[in-house]
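Colleague: For reference, the sequence and a predicted model appear below.
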Amino acid sequence: KRQVTNGSNLKTPENAKNVVAVGATQNGVNADTHCSGGRGPTNDGRRKPEIYAPGCGIVSARNSTDCLTRSSTGTSMACPAVTGAGALVRQYFEQGWYPSGSPVVDDAIVPSGALVKATLLNSTVDMTGVTGYPSNLEGWGRLLLENALYFDGDARSLSVMADVRNVDGLSTGQQAEHPLVVLDGTETLKITVAWTEPPAELLAAAATINDLDLEVVSPGGTLYRGNFVDPSTGRSLPDGDKDAINNLEMVLIDAPQTGEWTVRIVGAAVNEGTQGFAVVASGGVEPFSAGAIRYASHTVLDDTPLGNADGIVDPGETVTLPLTFRNTAETPASNVVAGIAVDRADDVKLTAATATFPSIPADGTAESSSPHPRFTVGPDVPCGTVLRFDAGVISDLGEGDTSFRIDVGQNGVAVPAPGLPLTIPK
């Protein structure tokens, strides 16, 4: 890490490629002006810092006192604001606020760090008190979280096109394409991809290991590449050069053409493993839907002698898992088949990984037909472990993906009322 710092202007760990480097703006009405923070680029040319938040003249708790406050200035005051925003982004996804803008349990997901980072950066705005955007001083600008998160009734929408873990990521030469429908051309279109790279060698002169490229194609065929931005306007230019060193890329377009755009993530040079990524868009966009068939619920059948029949997935048990899927389309779905995968292949053995369904009515649900998916949990898997299941769905309506999670064991302590016995966790 030290080899790619630029000395007194940008220091370790702010120069690290997988962190979110934060600078501090002035406070209040002066929040669009720089206050303190590092100045990029790193010695190997990467853009740092990435994001700013107010950090000058911030009133906070005073140490070594019970109730007193103090005013302080610096990135140590800005970083907590960005950290808190990141926690809100995670809560947004885990409580199922995406895509409807209201909390829906069936829509809850566990976001990767890359998805949290992409969402934070997709919210940023130009700091008008700093020349050029983006720049080596302000990075991608000031955090304005409401620009990225959609709530019911907002004009701007959010589309999460992918949150791909490394195990399912890209190799060199592979690419992933995602449709993005722009419904309103009056809202600025902003698309961000982020990925978490493997570490470089200690004291390496260049930090980049795995290079992905963001390519965005308009309905009319115009190609925009990630990070090729005119600093005088802060907007993407067509047919630009690729970025081979940053693991965060962005496209910004005013007055985007309405219709279906193509967002392409290209594995340009993946030198270690396979590379996952997260890509989001905000603006007058339609939330991305990977097919019409979605997970709705499941039933845990842990019958004896391979389980204890308590309806909870416990270590060492073999579980049969009837699945209920919902059809969000306006027409019935037939020939529905789902292939099931789990993220913890070392801890969980899938012994039946296919679910077939009867016809699912429009805007209705159906349970999988017997034989249902079946798996065995390793005896040493700790209670509280979260198992993430992904289902690739094929039907006469097309192909798609859906996912769900199962917690191993009982995670909480139920307190019915003061003085009553506790339910002891497994």
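Modeller: Alright, I've got the coordinates. Numbering: from 1, shown residues only.
Colleague: Just list the residues touching Ala281, thanks.
Modeller: 122, 158-159, 161, 180, 189-192, 263, 288 (C-beta atoms under 8 Å, 6 or more residues apart in numbering). To be clear about C-beta, it is placed using only N, CA and C from the backbone, and glycine gets the same treatment.
Colleague: Mind doing that once more with 10 Å?
Modeller: Ala281 makes contacts with 118, 122, 148, 157-161, 178, 180-182, 189-193, 216, 251, 261, 263, 287-288, as judged by C-beta atoms under 10 Å, 6 or more residues apart in numbering.
Colleague: Run through the bridge partners of Val217.
Modeller: Leu223, Thr262 (DSSP bridges).
Colleague: Wait, it touches Asp239, no?
Modeller: No. Look at Val217 against Asp239 with C-beta atoms under 10 Å: they stay out of range, at 11.1 Å.
Colleague: Excluding sequence neighbours, find me the nearest residue to Phe357.
Modeller: Distances taken as C-beta to C-beta, 6 or more residues apart in numbering put Val336 closest to Phe357, at 3.9 Å, once the chain neighbours are dropped.
Colleague: burial measure for the one you found, as a count.
Modeller: As a burial measure, Val336 scores 23 neighbours (other C-beta atoms under 10 Å).
Colleague: ditto for the one 5 residues further on
Modeller: For Ala341, the count of nearby residues is 15 (other C-beta under 10 Å).
Colleague: Where does the residue nearest the centre of the chain fall, secondary structure wise?
Modeller: By C-alpha atoms, centre = their mean, the chain has its centre lying nearest to Leu115, at 1.7 Å. For Leu115, the host element (DSSP states H and E) is helix 113-122.
Colleague: Pull out the buried residues from that helix.
Modeller: Going by neighbour count (16 or more other C-beta atoms under 10 Å), the buried part of helix 113-122 is 114-122.
Colleague: and of those, the nearest to Val393?
Modeller: If you rank those by distance to Val393 using C-beta to C-beta, Leu115 comes first, at 21.3 Å.
Colleague: residue contacts, the residue nearest to Phe357?
Modeller: Neighbours of Val336 in contact, by C-beta under 10 Å, 6+ apart: 293, 325, 327, 355-360, 366, 368-369, 393-397.
Colleague: that older thread, show me the contacts for the residue nearest to the centre of the chain.
Modeller: 89-90, 93, 109, 160, 162-164, 194, 276-280.
Colleague: can you rerun that using 8 Å?
Modeller: 93, 160, 163, 194, 278, 280.
Colleague: The residue nearest to Asp126 when sequence neighbours are not counted: how many residues sit nearby?
Modeller: The shortest distance from Asp126 to any non-neighbouring residue, by C-beta to C-beta, 6+ apart, is to Tyr133 (4.2 Å). Neighbourhood size, Tyr133 [other C-beta under 10 Å]: 22.
Colleague: per-residue confidence for Tyr133?
Modeller: pLDDT for Tyr133: 96.
Colleague: Quick one: the strands in the stretch 201-350 of the chain, in order.
Modeller: Counting by DSSP state E, counting those that start in this stretch, the segments of the stretch 201-350 of the chain that form strands are 210-217, 223-230, 235-238, 248-253, 259-270, 277-285, 293-298, 318-320, 323-327, 336-342, 348-352.
Colleague: Name the helix or strand of this protein that has the lowest mean pLDDT.
Modeller: One helix or strand of the chain scores below all others by mean pLDDT, DSSP states H and E: strand 398-407, with a mean of 82.
Colleague: Against which helices or strands is it packed?
Modeller: Applying 3 or more C-beta pairs under 8 Å, 6 or more residues apart in numbering; DSSP states H and E, we find strand 398-407 packed against strand 293-298, strand 386-395.
Colleague: ok, back up a step: the residue nearest to Asp126 is in contact with Val125, isn't it?
Modeller: No. Between Tyr133 and Val125 there is no contact under C-beta atoms under 8 Å: 9.0 Å.
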